[in-house]
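Novice: After the sequence you'll find the predicted model.
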Amino acid sequence: MSFNIFKQLNADAQEGSVGEATETAAKTNVPVGISEAAATPHDDFDWSVDKRNVTSYSADEKAKYDTVYDNTFKQINDGEMIMATIESLTKTDAVVNIGFKSDGLISLNEFRDIPGGVKVGDVIEVMVVEKEDRDGNLNLSRKSARTTRAWERIVEVHKTGEIVTGLVTSKTKGGLIVDVFGMETFLPGSQIDVKPVTDYDQFVGKTMEFKVVKINEAIKNAVVSHKALIESDIEAQRAEIMGKLEKGQVLEGTIKNITDFGAFLDLGGLDGLLYITDISWGRITHPTEVLKMDQKLNVVVLDFDDDKKRISLGLKQLTPHPWDTLTENLKEGEIVKGKVVNIEDYGAFLEIMPGVEGLVHVSEITWANTPINAKEFFKLGDEYEAKVVTLDKDTRKMSLSIKQMTQDPWSNIEVSFPEGSKHTGVVKNITPYGVFVELSTGIGGMIHISDLSWLKRFNNPNEYTKVGNQIEVVIMNIDKDNRKLQLGHKQIEEDPWNTLETTFPVGSEHEGTVIRKDDKGAIVQLPYGLEGFAPARHLMKEDGKAIVADEIAKFMVIEFDRNDKRIVLSHTRLWEQVIEEEKQAVMKEKKAESEITKKAVKTLQSKVEKSTLGDLGVLADLKAKMDSDAAGAASAEEAPKAE
């Protein structure tokens with residue numbers, strides 16, 4: 001169309017030029033077509049005629065024709081959306097007519113989304129990227145137009161909450177790429193399904209429904225969610241189920257998760273908890289013993305909370321309680337077999353059949369009167385035979401006994417273990433005050449800590465024996481009513497204290513080793529395995545220092561108590577006694593000298609009848625010396641008494 005108008009304008013211009021030339025020739029008698037220069041002077045040439053014989057228009061005419069020309073084309077702007085027609089196709093591009101003065105080219109790659117490809121005559125929407133690029137070409141884009149329209153629709157559906165359909169085109173980090181209205185959007189992995197998804201590849205190429213949950217106007221980015229649709233459907237189903245829910249109602253569910261405390265079931269859009277204690281009438285340690293993932297089963301509604309959307313379910317309640325269907329043959333005195341399903345400090349529970357348990361109290365484990373630790377005696381899963389002692393179906397309680405499976409060994413205890421008899425037993429337990437010994441099954445007694453040894457004193461029986469060791473005992477006393485035996489170990493041998501008094505008399509000296517020491521004194525190991533006690537004040541040595549542990553020294557027996565089995569020792573008394581003996585020797589020597597002097601004086605006095613002044617002086621000195629010796633001897637005698 002534009003080309004034809006342009007030809008018409010040129011033709012009009014040529015007709016005007018020919019008419020003017022003919023008119024001029026008539027006036028000057030010059031034939032048409034002959035150059036005006038030949039008929040007129042050079043200065044009279046009309047310079048408004050160009051070489052192609054076209055004249056220029058006046059300003060008004062030019063403006064008029066420009067207006068006519070411009071009105072034949074559309075007025076467009078950069079970024080404008082406009083409808084276009086496919087005029088022709090090349091190997092790489094499509095020629096597009098938008099009614100502008102020139103056609104545009106669009107790459108065929110932008111039409112790959114059209115099934116079967118684009119055809120001549122198709123009408124499409126394009127965006128004017130540039131009316132005229134640097135090469136003077138019209139730049140159009142169908143992809144930009146589709147993206148802009150897609151973003152407008154995405155913004156609209158985000159406001160309205162409308163559900164859209166999209167094609168999952170590829171996988172990316174953290175999720176999937178979805179084509180919505182021709183625009184790429186992001187589907188996070190957490191928004192694919194209500195259940196965790198690990199394999200994203202299974203969704204590539206699928207067409208799914210989505211909800212636009214987030215948009216970013218600045219970068220024109222959108223996030224979609226398929227999970228939101230599922231959750232809305234589930235919420236609707238949940239509301240419907242909760243509205244019809246009743247206690248005691250039986251529902252079908254599918255196990256979707258199993259934990260240590262129970263299993264979660266999908267009831268068709270609503271989850272319920274089947275607690276471990278409501279799975280089976282019998283005891284189970286983990287739900288997987290009975291249930292498995294994706295298993296379908298019927299359950300009964302035990303309780304529910306509308307506000308918190310919580311439902312408690314039961315499985316065992318669909319069957320009668322085993323106590324209500326107990327056979328009549330099960331009665332007191334019957335022998336039953338059961339498995340240990342629970343162990344407490346006071347005993348163990350045996351499961352006779354699923355849901356029916358009996359308690360074996362610690363007092364019913366053995367005939368022995370020694371303490372029994374149920375957690376050490378029993379092990380979970382072990383099987384035992386026991387006798388039914390009591391049975392109460394109303395309270396659903398049963399007591400069992402293992403020891404009553406055998407005859408009571410205490411019935412003839414006087415015959416089997418008479419007083420004074422010697423036996424060998426096994427140490428079963430040790431306490432701070434004694435040792436418990438088992439002589440045979442159900443028969444045992446205690447050795448008091450004081451009956452372990454004649455010579456040694458122990459702070460704890462562990463110092464003498466250990467659990468599991470064998471030990472010889474003597475039956476010292478039998479308490480049949482209370483099922484107690486008083487045992488002794490040291491009584492296996494004669495009391496050595498009867499002969500020790502002659503070996504360790506008071507005043508005797510012995511070498512010993514300090515094996516223990518505290519603030520009160522020390523325990524000293526003496527010959528023959530005997531131990532003695534030395535008070536702290538009797539551990540001082542002559543140099544003022546005290547004897548320390550593990551030191552070997554001489555000790556004197558200062559006390560021997562046969563009844564209390566006690567020997568008191570002293571190291572200090574040894575060196576104190578030596579000092580005392582030395583003092584006594586000095587005093588005895590001085591006393592002997594004094595006696596000799598007295599005798600000499602008496603002899604001299606008998607020979608001299610009359611004293612001179614000089615003699616009197618000698619006698620006076622002699623008397624003074626004797627008085628001094630006598631005073632010294634007196635003080636020496638009083639010193640030991642003071643000590």
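Specialist: Ah, there it is. Everything numeric here is computed off the predicted structure, so don't read it as measured data.

Novice: And the strands in the stretch 151-300 of the chain?
Specialist: For the stretch 151-300 of the chain, applying DSSP state E, counting those that start in this stretch gives strands covering 163-172, 175-180, 183-188, 207-216, 221-225, 250-258, 262-266, 271-275, 296-305.

Novice: Determine which of those strands approaches Ile352 most closely.
Specialist: strand 271-275 (23.8 Å; Cβ to Cβ). Yep, even glycine has a C-beta here, placed from its N, CA and C like the rest.

Novice: Please tell me how far the closest one is from the chain's geometric centre.
Specialist: 24 Å (Cα atoms, centre = their mean, to the nearest Å).

Novice: Ok, stretch 528-546 next?
Specialist: 58 Å.

Novice: Over to stretch 312-324?
Specialist: With Cα atoms, centre = their mean, you get 34 Å for stretch 312-324.

Novice: So for stretch 471-488, mean pLDDT?
Specialist: Averaging pLDDT along stretch 471-488 yields 88.

Novice: Now that stretch: buried residues?
Specialist: Neighbour-count burial for stretch 471-488, counted by 16 or more other Cβ atoms under 10 Å, picks out Ile471, Val473, Val474, Ile475, Met476, Ile478, Arg483, Lys484, Leu485, Gln486, Leu487, Gly488.

Novice: what comes into contact with that stretch?
Specialist: Applying Cβ atoms under 8 Å, 6 or more residues apart in numbering, the contact partners of stretch 471-488 are 367-369, 410, 413-414, 417-427, 435, 437, 439, 443-448, 451, 465, 489, 491-492.

Novice: now those residues: which count as buried?
Specialist: Looks like the contacts of stretch 471-488 have 367-369, 410, 413, 417, 423, 425, 427, 435, 437, 439, 443-447, 451, 465, 489, 491 buried, using 16+ other Cβ under 10 Å.

Novice: Which of the contacts of stretch 471-488 fall in strands?
Specialist: Among the contacts of stretch 471-488, DSSP state E puts 422-427, 435, 437, 439, 443-448 in strands.

Novice: and which of these is nearest to Glu334?
Specialist: Closest to Glu334 out of these is Ile443 (27.2 Å), distances taken as Cβ to Cβ.

Novice: who does the closest one bridge with?
Specialist: Ser440 (DSSP bridges).

Novice: Tell me where the stretch 451-600 of the chain has strands.
Specialist: Using DSSP E, counting those that start in this stretch, strands in the stretch 451-600 of the chain cover 470-479, 484-488, 509-517, 521-525, 531-535, 552-561, 566-570.

Novice: and the last one, what other elements does it pack with?
Specialist: Contacts defined by 3 or more Cβ pairs under 8 Å, 6 or more residues apart in numbering; DSSP states H and E place strand 566-570 against strand 531-535, strand 552-561.

Novice: how about those strands, which one is nearest Ile86?
Specialist: strand 531-535 (119.9 Å).

Novice: Tell me where the stretch 351-500 of the chain has helices.
Specialist: In the stretch 351-500 of the chain, helices defined by DSSP state H, counting those that start in this stretch lie at 374-377, 413-416, 497-503, listed in chain order.

Novice: and His321, which of those helices is closest to it?
Specialist: When the helices of the stretch 351-500 of the chain are compared (using Cβ to Cβ), the closest one is helix 374-377, at 26.8 Å.

Novice: who's in contact with that closest one?
Specialist: Residues external to helix 374-377 that are found in contact with it (Cβ under 8 Å, 6+ apart): Ile343, Glu344, Asp345, Tyr346, Gly347, Ala348, Val362, Ile365.

Novice: Put the alpha carbons of that helix into CSV.
Specialist: Written as CSV, here are the backbone C-alpha positions of helix 374-377 (Å, rounded to 0.1, in the frame of the first residue of the first chain):
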residue,chain,number,x,y,z
ALA,A,374,14.6,-58.9,90.3
LYS,A,375,16.4,-56.9,87.6
GLU,A,376,19.4,-59.2,88.1
PHE,A,377,17.5,-62.4,88.3
